[in-house]
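Undergrad: model this:
(2 chains)
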Amino acid sequence: MHTTLAHLLSNGPVLTDGAWGTQLQARGLGIGEFPDLWNLTHPEQVLQVARAYVDAGSQIILTNTFGANRIRMAEHTGAERVEEINRRGVELSRQAAQGRAAVFASIGPSGKLLLSGEVSEDELRDAFRQQARALAEAGADALVIETMTDLAEAKLALTAARETSLPVVVCMVFDSGKAKDRTMMGNTPEQAAAALTAAGADVVGANCGQGIEGFATICGRLRAATDRSIWLKPNAGLPTIVEGRARYNVSPEGFAGAVPELLRLGAGFVGGCCGTGPEFIASAARVLKR
Amino acid sequence: MPDLQQLYDAVVNGDYKAAHAITERALAEGADPLTLVNQYMVPAMDEVGRRFECSEYFVPELLISARAMKASLELIRPLLVARGDKPVGRVAIGTVKGDLHDIGKNLVASLLEGGGFEVIDLGVNVSPEKFIATIKESQANIVAMSALLTTTMPSMKTTIDALQQAGVRDQVKVLIGGAPITQKYADEIGADGYSESAVGAVALAKKAVAAPVA
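TA: Numbering: from 1, shown residues only, chains lettered A, B, ... in the order given. Here you go, the predicted model:
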């Protein structure tokens, strides 16, 4: 195991962070605005979010760089500031962490489908390589490839990320099929874990998708299919819309109450995705007696 | 005349080359284009939908079947147009204002085409004004809206309200979908229908055009 990961796991399971987008919205990010651009335009607000997670007890915080690949950015702001946004994202999380938390830099999907020819393998690989390199050069401790729905794209991102020599986490969304246990492309947790392990992921996992109650099964199945550590970031249930805003039905306490079961089933890293915030992490920290 | 069961199989199995070749031969030998669609291709897409519903098929299989359907329709559609046959319906589809995600929308668009609809794809970040202009210009009878984000779903309501104000709401059925969308939300904002999956969206659209516009 990579020394960075071994060090983090040496005192037991590791608490990561929660969602960023909703936290930035609470600080004024408008609907449809590109959150990652705030690394340049609203660094103080990004810093506040990162700090809130460190204060809540996150041992790992991510970066506000989820969408900062040139394929996705081409639709938003133009792609010329990819490197700058990624670099600032790492710097801001690093500044918030002050050595109290590790900084794992976020890499999200391109938003395009390989299968329908909207994007080519080469374009994906180049885009992820550019982002991964910028994050690594800015001093990230590890890279987190997250919210992936297509195993083929995840593997291309992984290959690009591994060139940096940083440890790489890869997590997929399992929310399709009758049992809501497949990726959009139909892969099972077993298939994903095996393929990502074979492709050299240091940590494999699941994020987003269904609410935390569905993650126990997925965790157990990932655990059985790989010798790597397991990374989980569930949603706080599925939202209902109240007065134009998403409201998630799982409380911080309800969320935290489900965490011990995930650890029992073998998760090494646990945090939250959509609908979770610093209070969810704080609540989980209390349950884990941190 | 080629064995037309092979056309059905080609669509179900997503073999676009075979779908194209069999259609070409059948048409050359005088097959009725509408018969090919209604007796072989539509049932094939129904079977694809059934397999998707029971988790035998996933998005990749849907995409390749839709591509096979399209390969065949490219040959058939001009013939139907030439003799004055109308498409099942005309759909103006787009991802709502503020939202740039188009994987789901594209999938629905290609399955609707496969289902015999004429699809006007307005792309992503589509403003209410653009939907309204399209309805007026093209006489679309369905508006299909997609949103991936909880933060952009409210644009669906804004769009429906704008259709109302522009006086075109009654000309169309409004169908919505996307990861955070629920039937409850559809009811709340006054949409005419919601589908959880791309396959369901085609059935929903067919139902919508079969029912009289309110």
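
Undergrad: what does chain B put close to chain A?
TA: Contacts of chain B with chain A, taken as CB under 8 Å from any CB of the partner chain, map to B:53-55, B:57-61, B:63, B:97-103, B:106, B:110, B:124-125, B:150-155, B:157, B:179-180, B:182, B:184-185, B:188. Using the backbone N, CA and C atoms, a C-beta is placed for each residue, glycine as well.

Undergrad: which stretches of the chain form helices?
TA: You didn't pick a chain, so chain A it is. With DSSP state H, the ranges of helices along chain A come out as A:3-9, A:21-26, A:38-41, A:43-56, A:70-76, A:82-97, A:121-137, A:151-162, A:189-198, A:215-225, A:252-264, A:278-287.

Undergrad: switch to chain B, please.
TA: Under the criterion DSSP H, helices of chain B are mapped to B:5-13, B:16-28, B:33-35, B:42-53, B:59-82, B:103-114, B:128-138, B:154-166, B:183-189, B:198-210.

Undergrad: out of these, which one sits most buried?
TA: helix B:103-114 (a mean of 24; mean count of other CB atoms under 10 Å in any protein chain shown).

Undergrad: from the contact counts, what lies against that one?
TA: Where contact means 3 or more CB pairs under 8 Å, 6 or more residues apart in numbering or on different chains; DSSP states H and E, helix B:103-114 is packed against helix B:59-82, strand B:90-95, strand B:118-121, strand B:142-146, helix B:198-210.

Undergrad: the fourth one vs strand B:90-95, what angle?
TA: Read it as strand B:142-146. Angle, strand B:142-146 to strand B:90-95, by axes from the mean of the first three to the mean of the last three CA atoms, to 10 degrees: 20 degrees.

Undergrad: would you list the helices of chain B in TSV and tack on mean pLDDT?
TA: Conversion of the helices of chain B to TSV gives the following (pLDDT from 0 to 100):
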stretch	mean pLDDT
helix B:5-13	97
helix B:16-28	97
helix B:33-35	91
helix B:42-53	91
helix B:59-82	91
helix B:103-114	90
helix B:128-138	96
helix B:154-166	96
helix B:183-189	94
helix B:198-210	91
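
Undergrad: what's the closest of those to residue A:50?
TA: helix B:154-166 (27.4 Å; CB to CB).

Undergrad: so what touches that closest one?
TA: Residues from elsewhere that reach helix B:154-166 (CB atoms under 8 Å, 6 or more residues apart in numbering or on different chains): A:31-32, A:241, A:244, B:96-99, B:128-129, B:131-132, B:135, B:143, B:145, B:147, B:169, B:172, B:174, B:176, B:181, B:185, B:188-191.

Undergrad: now do the contacts for the most centrally placed residue in chain B.
TA: Geometric centre of chain B, nearest residue: residue B:112, 1.8 Å, by CA atoms, centre = their mean. Listed by CB under 8 Å, 6+ apart, the contact partners of residue B:112 are B:91, B:93, B:119, B:144, B:201-202, B:205.

Undergrad: and residue A:231, by the same measure?
TA: Neighbouring residues of residue A:231 by CB under 8 Å, 6+ apart: A:16, A:144, A:169, A:171, A:203-207, A:267-269.
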